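Q: Need coordinates for the below:
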Amino acid sequence: MIRLDASTVLLQWAVGGLLFLWVTCRHRKVGIGYGWLLRSTYIIMLISALAVGLLTEAVLAREIITIGIVIATAIPLLISFLNRKNEKKDPNLNLDLVAPILGLAALVVAALDAGGPPALAIARILIGAIFLGVVSDAMLLGHWYLVQPGLVRSPLLELVRLTGIIWPFELAVLLYPTGMISVINGNIDDGYGGLLGWFWIACTVMTIILVFVTRAALKERQYSAVMAATGLLYLAILTGFGMDLVARATLA
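A: Take a look at the predicted model:
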């Protein structure tokens, strides 16, 4: 069992997203504005996580580290913006790794506070952060092709491939006892006559199907294939979040 905390979910989402921002930007293929978009978006999520945490059940160490993550995200955003006209200035993209590293510490603190077997709680929160981050960044990157239509497809293909690689690990930690197997076989009552268990199965299966269909769409040469893939990734976010959050809510 593990407590579902809105502040921790927002923190997971932001930390995972910032990690895959670095994964994508390290190739230096996407425009500088993509970094601005994602850093700004995740700063808002981090501030929201901090606010929710302080207004509900504050975890002091988690909130302090979250402030550090906000600062660590804002610094490369500011540097990138100030150097936007200097094409010869090559910003150190490793600065974008500082925030996810701090986020790792914050999520471990949150996992230990959430209760349950410590190792399992940590695994579920860390893998969940990675899973939510990669599928979210894949969708956002798909939209970025509207801004930068000449962008090669390899960055988007990388995120889609990584989503498929991470999916089995997310599935494993959610099934591991006490996990969703206990909900499916009826040992844990979901409060809806087993409906949430079936809904979770549907989200889990559809997520990996959508990953394979998205990869197939990106093999087509037409530009419209990228937009089709982005639409599929919208659905993957819904099913991916259902896979993670429905399980954790049911097991809470």
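Q: gap between I75 and Y34?
A: Distance, I75 to Y34, using CB to CB, to the nearest Å: 18 Å. From N, CA and C alone the C-beta is placed, and that goes for glycine too.
Q: Once you drop chain neighbours, what's closest to A6?
A: V52 (5.1 Å; CB to CB, 6 or more residues apart in numbering).
Q: Output the below-cut-off pLDDT ranges for the stretch 1-150 of the chain.
A: Residue ranges of the stretch 1-150 of the chain with pLDDT under 70: 1-3, 86-91.
Q: where do the helices sit along it?
A: 6-25, 32-55, 60-82, 98-114, 118-147 (DSSP state H, counting those that start in this stretch).
Q: Highest mean neighbour count out of these?
A: A comparison of these by mean neighbour count, using mean count of other CB atoms under 10 Å, puts helix 6-25 on top with a mean of 25.
Q: helices and strands around that helix, which ones?
A: Packing contacts for helix 6-25, counted by 3 or more CB pairs under 8 Å, 6 or more residues apart in numbering; DSSP states H and E, involve helix 32-55, helix 60-82, helix 98-114, helix 118-147, helix 154-175.
Q: would JSON lines of those with distance to L19 be doable?
A: Shown next, in JSON lines, are the helices and strands packed on helix 6-25 (distance: least, CB to CB, whole Å):
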{"stretch": "helix 32-55", "distance to L19": "10"}
{"stretch": "helix 60-82", "distance to L19": "11"}
{"stretch": "helix 98-114", "distance to L19": "4"}
{"stretch": "helix 118-147", "distance to L19": "6"}
{"stretch": "helix 154-175", "distance to L19": "10"}
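Q: T24: which of the ones you listed is closest?
A: Taking CB to CB, helix 154-175 is the member of the helices and strands packed on helix 6-25 nearest to T24, at 5.0 Å.
Q: could you dump the closest one to CSV, C-alpha only?
A: The C-alpha trace of helix 154-175 is given here as CSV (Å, rounded to 0.1, in the frame of the first residue of the first chain):
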residue,chain,number,x,y,z
SER,A,154,14.8,10.7,-34.5
PRO,A,155,14.2,12.7,-31.2
LEU,A,156,10.5,11.8,-31.3
LEU,A,157,11.2,8.2,-32.2
GLU,A,158,13.7,8.0,-29.3
LEU,A,159,11.0,9.1,-26.8
VAL,A,160,8.4,6.7,-28.2
ARG,A,161,10.9,3.8,-28.1
LEU,A,162,11.9,4.7,-24.5
THR,A,163,8.2,4.7,-23.5
GLY,A,164,7.9,1.2,-24.7
ILE,A,165,11.1,0.2,-22.8
ILE,A,166,9.9,1.7,-19.6
TRP,A,167,6.3,0.3,-19.8
PRO,A,168,7.3,-3.2,-18.6
PHE,A,169,9.0,-1.8,-15.5
GLU,A,170,6.0,0.3,-14.7
LEU,A,171,3.8,-2.8,-15.1
ALA,A,172,6.1,-4.9,-12.9
VAL,A,173,6.2,-2.5,-9.9
LEU,A,174,2.4,-2.1,-10.0
LEU,A,175,1.8,-5.8,-10.1
